[in-house]
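Visitor: quick one: sequence plus predicted model below, questions after.
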Amino acid sequence: MASIGKIARRTFLFGMAAVAGGVAVGYYYYRRPYPNPLEGELAEGEVTFNPYLKIGSDNTITVIAPRAEMGQGISTTLAAFVAEELDVTLDRLTVEHGPPSYAYYNAAMLEEGAGFNFWDDSFTAETVRGLMGAAGKMLGLQATGGSTAARDGFDRMRQAGAAARIMLIEAAAARLGVPARDLATDNGTIVHKASNRSVTYGEVALDASKLTPPSKVTLKEKADWKLLGKPQKRVDMLAKVTGAPIFGIDVRQPDMLFGTVRMSPVFGAKPVRSDTSAASKMPGVVKIVPIESSYGSGFGVIAENTWAAFKAAEAIDVEWGKPDYPLSNDEIMTRIADAARTGEASAMRDDGDVDVAFADAPQDRVIEAEYSVPYLSHAPMEPMNCTAQLKDGVLNVWAPNQMPVLVRWFCSDIAGVPGNKTMVHTTSMGGAFGRRGELDYALYATILAKETDGRPVQVTWTRGEDMRRGPFRPASVGKFRARIGNDGLPVAVDMRVAAQNMMASLMSRTFTSLPAGGSDPSITDGSRNQPYTIPNYRVSEIQVPLPIPVTFWRSVGNSVNGFFHECFMDEIAHAGGIDPVEMRRKLMVNHPAALAVVNKVAEMSSWGEALPEGKAKGFAFTLSFGSWCGQVIQIADTPAGIKLEKMWIAVEVGTALDPGIIETQMTSGAVYGLSAAMGQAITFEDGRVVQSNFHDFDAMRIFQAPEFEVAILENFHRMGGAGEVGVPPAAPALANALSALKGQRFRSLPLSKEVAFA
């Protein structure tokens with residue numbers, strides 16, 4: 001595992017390199033940028049203009065996408081940024097994932113963590129966001145997550161295309177002997193209309209790359225966009241539908257070995273007794289390697305094929321140590337619930353004076369509720385895998401990952417080779433949802449690669465290994481109370497949310513030398529930062545110390561608090577005798593973007609219409625990742641169970657870069673959230689995870705999915721994300737619909753504990 005000293009030294013050195021003077025290319029007309037990582041990897045006849053663009057003399061145009069493609073369509077949107085300003089169509093481009101490089105830092109991810117409400121445009125908020133973005137650059141963290149990829153690349157990648165286009169025009173002007181102002185571009189060709197002469201980008205690319213990049217570029221106005229703002233064909237679709245080997249599990253190298261891991265199912269426990277002799281003698285087995293890491297203890301198996309590795313892993317005779325946490329699921333959830341009720345709390349939002357507001361509240365005007373959600377697995381369709389080869393002092397890692405710079409850092413330390421001798425090849429991913437932001441699969445592959453005498457080894461996990469080992473979405477319990485005023489609106493709300501500190505858990509596995517304390521905003525994300533105006537409004541965080549590994553899960557804390565907050569708001573509305581949507585309208589009157597979303601989804605769904613007996617609708621709203629999302633779902637009680645008939649979604653994204661992708665992300669997020677709400681849970685017996693595959697951790701099936709209708713709004717002045725936004729409102733919308741249908745409250749997930757679904 002990388003020491004913090006080494007990591008700090010690397011960060012310092014790269015930061016000093018940036019301060020001392022970088023290379024100004026393309027969009028990097030900013031002072032002292034990171035070097036362009038493409039300059040040392042060019043093919044013959046190929047030139048680079050900036051970290052995002054290569055052009056070949058044969059007119060091939062390659063856009064570098066700095067963020068990982070895991071099905072969300074980001075490679076298409078990022079390519080469109082460059083293509084829009086370069087004035088080429090997407091079918092002219094090839095898109096590659098960028099190498100690990102500080103040049104591809106994600107500033108928007110850190111800006112998102114500045115701690116201010118998204119609608120806060122105050123001087124202080126904007127200043128801190130700017131400082132956080134600058135810190136993102138200094139850290140050089142290349143990461144995919146937080147629905148930030150498009151927001152982060154929006155300016156930089158468009159500037160990259162615009163700067164290159166200017167340089168190409170200047171080179172063409174010199175070639176044709178005409179003023180640059182008399183030239184125009186047309187899909188990869190530079191045209192001088194007066195003389196009917198033209199040159200292609202490829203013909204002048206070499207000359208253009210030698211020019212000084214422009215110090216300033218003017219980007220197209222939105223009204224002039226040809227690609228952005230319109231649905232585009234996905235650049236990776238052909239490869240996916242034809243089965244091209246683009247995923248990590250598809251990697252094949254000459255003379256390759258195969259492997260797997262079997263790690264302790266008891267978190268933090270080591271083997272008490274083990275015997276690998278029988279497993280080592282099984283056909284096809286090459287070697288069994290003990291593994292000790294901050295992620296856990298266990299064994300790695302190297303074999304001639306994956307099946308042999310799987311069978312040998314099963315055959316290892318091992319007794320694991322005992323857990324130092326509660327053994328049963330009930331005991332674990334009780335510990336979290338006790339913390340929510342009586343644990344020490346830190347207020348993350350504290351408007352007005354909540355205690356005073358409750359002090360003289362008539363008992364019949366106070367409502368209380370307790371909500372809970374379980375641990376969850378990410379369950380990506382492509383299981384964890386990584387291929388590594390350590391040969392002649394060079395480490396190559398082929399990994400479907402969300403953090404390529406971190407993969408390089410940690411794997412290079414394990415292999416004992418310099419970072420510049422560690423090549424990380426980021427493949428497409430068959431789902432991730434935050435799981436591939438972890439490093440364990442890459443670390444284990446590197447450990448096994450040290451034992452193969454230079455042969456590459458592909459390490460593939462079984463589904464059970466991934467599902468039982470986590471890390472998981474944290475379980476959480478919320479204890480809530482509200483005082484209802486004479487007008488039916490809430491006078492005071494007090495929300496206590498208890499969960500593990502996800503950031504501390506993550507740090508304990510990665511930067512083990514750093515302190516892992518402090519607040520974890522994800523515990524209350526989706527409750528403390530919602531656009532509701534309530535006079536007395538307190539949301540508190542209670543941390544629960546447990547060694548169960550937890551991490552980012554699609555929409556992170558919003559997935560928990562979307563359910564808690566919006567179900568409790570529904571309870572408040574009914575207790576106050578107000579329609580749930582009308583109450584939102586009153587409480588969101590100071591936030592026009594939110595109000596527009598509420599009104600739109602209510603209109604789409606004909607909210608308030610009389611429904612036949614046995615049918616009901618539920619509403620929920622969550623602002624997350626910069627986008628304001630309202631959902632209404634209609635359900636029906638049938639002899640086969642509860643049928644999800646239709647869901648309406650309205651989302652305010654500020655600027656819709658690709659409406660087709662946004663719509664897909666809204667529906668996929670809703671399906672992900674509904675799947676968890678209906679039937680998913682990670683539970684424990686004897687200190688071990690019970691679930692092992694889709695038979696006991698199933699997702700919504702096609703026949704269960706409702707019809708979807710999506711409306712995309714563009715009213716707010718700041719751009720929001722899309723990849724995670726559809727998840728948080730899905731569970732509370734469904735639970736609220738069930739409450740309307742059944743006349744009882746559903747406060748615990750999954751809902752299948754209490755109702756059957758058709």
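Guide: Thanks, I have it.

Visitor: care to break this structure down by domain?
Guide: 4-106+141-241, 253-323+384-460, 329-376+472-753 (automatic domain parsing).

Visitor: ends of the second one, how far apart?
Guide: It refers to domain 253-323+384-460. 15 Å (C-alpha to C-alpha, to the nearest Å).

Visitor: ok now it, how far from the chain's centre?
Guide: 24 Å (C-alpha atoms, centre = their mean, to the nearest Å).

Visitor: what sits against residue 71?
Guide: Residues counted as contacts of residue 71 (C-beta atoms under 8 Å, 6 or more residues apart in numbering) are 429, 430, 431, 668. Just so you know, the C-beta spots here come from the backbone N, C-alpha and C atoms, and that holds for glycine as well.

Visitor: circling back: need the domains of the chain in TSV (columns: mean pLDDT and distance to residue 247).
Guide: Converted to TSV, the domains of the chain look like this (pLDDT from 0 to 100; distance: least, C-beta to C-beta, whole Å):
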stretch	mean pLDDT	distance to residue 247
domain 4-106+141-241	87	9
domain 253-323+384-460	97	5
domain 329-376+472-753	97	18
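
Visitor: mind listing what's buried in stretch 717-732?
Guide: By 16 or more other C-beta atoms under 10 Å, the buried positions in stretch 717-732 come out as 719-732.

Visitor: of all those residues, which comes closest to residue 243?
Guide: residue 723 (24.8 Å; C-beta to C-beta).

Visitor: what residues are bridge-paired with residue 472?
Guide: residue 550 (DSSP bridges).

Visitor: contacts only, for it.
Guide: 375, 376, 377, 548, 549, 550, 551, 553, 682.

Visitor: strands of the stretch 51-200 of the chain, residue ranges please.
Guide: 53-56, 61-65, 93-97, 184-185, 189-192, 197-200 (DSSP state E, counting those that start in this stretch).

Visitor: adding mean neighbour count, write the ones you listed out as JSON lines.
Guide: Shown next, in JSON lines, are the strands of the stretch 51-200 of the chain (neighbours: other C-beta atoms under 10 Å):
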{"stretch": "strand 53-56", "mean neighbour count": "24"}
{"stretch": "strand 61-65", "mean neighbour count": "24"}
{"stretch": "strand 93-97", "mean neighbour count": "18"}
{"stretch": "strand 184-185", "mean neighbour count": "15"}
{"stretch": "strand 189-192", "mean neighbour count": "20"}
{"stretch": "strand 197-200", "mean neighbour count": "17"}
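
Visitor: tell me the spacing between residue 42 and residue 61.
Guide: Between residue 42 and residue 61 the distance, using C-beta to C-beta, to the nearest Å, works out to 14 Å.

Visitor: confirm residue 571 sits in a helix?
Guide: Yes. Per DSSP: H, G, I helix; E, B strand; the rest coil, residue 571 lies within a helix segment.

Visitor: pretty sure it contacts residue 745?
Guide: Yes. Between residue 571 and residue 745 there is a contact at 6.6 Å, judged by C-beta atoms under 8 Å.

Visitor: any residues in contact with both of these two?
Guide: residue 369.

Visitor: and the two? Which one has more around it.
Guide: residue 571 (21 against 17; other C-beta atoms under 10 Å).

Visitor: return the residues in contact with that one.
Guide: Here residue 571 is in contact with 367, 369, 482, 745 (C-beta under 8 Å, 6+ apart).

Visitor: redo those as a markdown table? Include distance to residue 715.
Guide: Below are the contacts of residue 571 laid out as a markdown table (distance: C-beta to C-beta, whole Å):
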| residue | distance to residue 715 |
| --- | --- |
| 367 | 33 |
| 369 | 33 |
| 482 | 30 |
| 745 | 34 |
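
Visitor: count the neighbours of residue 281 for me.
Guide: Quick note: residue 281 (other C-beta under 10 Å) scores 10 neighbours.

Visitor: ok, residue 128 next?
Guide: 16.

Visitor: for the closest residue to it other than its chain neighbours, what are its contacts?
Guide: Counting by C-beta to C-beta, 6 or more residues apart in numbering, residue 114 is the residue found nearest to residue 128 once chain neighbours are left out, at 4.7 Å. Counting by C-beta under 8 Å, 6+ apart, residue 114 touches 125, 128, 129, 132.

Visitor: ok, now with 6 Å
Guide: 128, 129, 132 (C-beta atoms under 6 Å, 6 or more residues apart in numbering).

Visitor: the stretch 351-500 of the chain: strands as residue ranges?
Guide: Ranges of strands within the stretch 351-500 of the chain are 366-373, 385-391, 394-399, 422-426, 457-460, 476-484, 490-499, based on DSSP E, counting those that start in this stretch.

Visitor: and residue 397, how close does it get to residue 293?
Guide: Following C-beta to C-beta, the distance that separates residue 397 from residue 293 is 16 Å.

Visitor: of those two, who's got more company?
Guide: A count of neighbours by other C-beta under 10 Å puts residue 397 above the other of residue 397 and residue 293, at 27 against 17.

Visitor: which residues are in contact with that one?
Guide: Taking C-beta under 6 Å, 6+ apart as the test, what residue 397 contacts is 388, 411, 424, 442.

Visitor: let me know the closest of those residues to residue 653.
Guide: For the contacts of residue 397, the nearest to residue 653 is residue 424 (31.5 Å; C-beta to C-beta).

Visitor: can I assume that closest one is in contact with residue 407?
Guide: Yes. In this structure, residue 424 is within contact of residue 407 by C-beta atoms under 6 Å, at 5.0 Å.
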